[in-house]
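S.K.: Below is the sequence, then the predicted model.
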Amino acid sequence: MTYVLIAMTSFIATVFAVAFVNKVRGVSFFHRFEAAISHLAVLSPRLARSAAAGIVLGEGATVALLVSSGTRGAGFALAITLLACFIAVAVRAVRSGVIAECRCFGRGGSVMSTGMIVRNVILIIAAAAGLAATGSAAPVGPAGWSVAVAGVLVAALYIRYYDDVVRAVARHLPPTTA
């Protein structure tokens with residue numbers, strides 16, 4: 001279980017760190033995220049700003065909790081909570097026919113869809129696996145560092161290519177009829 005904890009910690013921490021950094025790396029990035037929140041959640045600009053700030057703070061707190069060995073459980077729990085909220089917003093947007101980019105990672109390209117819901121479900125499963133393994137931390141040496149690096153690399157690939165894979169799969173699915 002120690003390697004599961006290491007892998008899931010590095011994977012989830014990287015996903016949330018990239019999301020956090022890409023939203024706060026400049027005022028324009030935050031404002032675009034804020035506008036996306038306003039559109040997706042149908043919030044006034046003032047409420048959207050508060051929601052966006054809360055999400056960014058939650059993402060940063062998740063990373064901080066995950067990188068500290070004594071608070072990893074809380075970090076995974078916060079990640080699961082945030083992801084469940086993201087799923088709720090995505091489900092509402094998909095059901096309402098809202099067409100909008102989420103700006104999850106500070107850039108465009110991720111349109112609210114079933115694929116986004118699945119992406120967050122996968123992340124919840126990973127965070128739940130990490131949460132289940134939180135009591136297993138022990139010194140692991142070089143193998144543990146290799147697992148941590150692998151978790152970071154998988155997160156980077158997941159962030160970069162998930163939407164591309166979803167689009168490629170969607171092109172090969174038969175059209176739905178209502």
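M.R.: Everything's here; your move.
S.K.: Quick one: the helices in this structure, in order.
M.R.: 2-24, 27-41, 45-67, 72-96, 114-132, 141-171 (DSSP state H).
S.K.: Ok, which of these comes nearest Cys104?
M.R.: helix 2-24 (5.9 Å; C-beta to C-beta). Every C-beta, even on glycine, is put in place using the N, C-alpha and C of the backbone.
S.K.: re the thing from before, which stretch in the helices of the chain is the model least sure about?
M.R.: Least confidently modelled of those is helix 27-41, at a mean of 84 by mean pLDDT.
S.K.: ok, and which of the helices of the chain has the densest surroundings?
M.R.: Ranked by mean neighbour count, the helices of the chain are led by helix 2-24 with a mean of 22 (mean count of other C-beta atoms under 10 Å).
S.K.: Measure how that helix sits relative to helix 45-67, angle-wise.
M.R.: 150 degrees (axes from the mean of the first three to the mean of the last three C-alpha atoms, to 10 degrees).
S.K.: Pro45 contacts Ser38, correct?
M.R.: Yes. Assessed by C-beta atoms under 8 Å, Pro45 is found in contact with Ser38 at 6.0 Å.
S.K.: In CSV: the helices of the chain, plus distance to Cys104.
M.R.: Below are the helices of the chain laid out as CSV (distance: least, C-beta to C-beta, whole Å):
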stretch, distance to Cys104
helix 2-24, 6
helix 27-41, 9
helix 45-67, 10
helix 72-96, 8
helix 114-132, 8
helix 141-171, 9
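S.K.: Distance of the residue nearest to Val56 when sequence neighbours are not counted relative to Gly75?
M.R.: Once flanking residues are discounted, Val56 sits nearest to Lys23: 5.2 Å by C-beta to C-beta, 6 or more residues apart in numbering. Distance, Lys23 to Gly75, using C-beta to C-beta, to the nearest Å: 18 Å.
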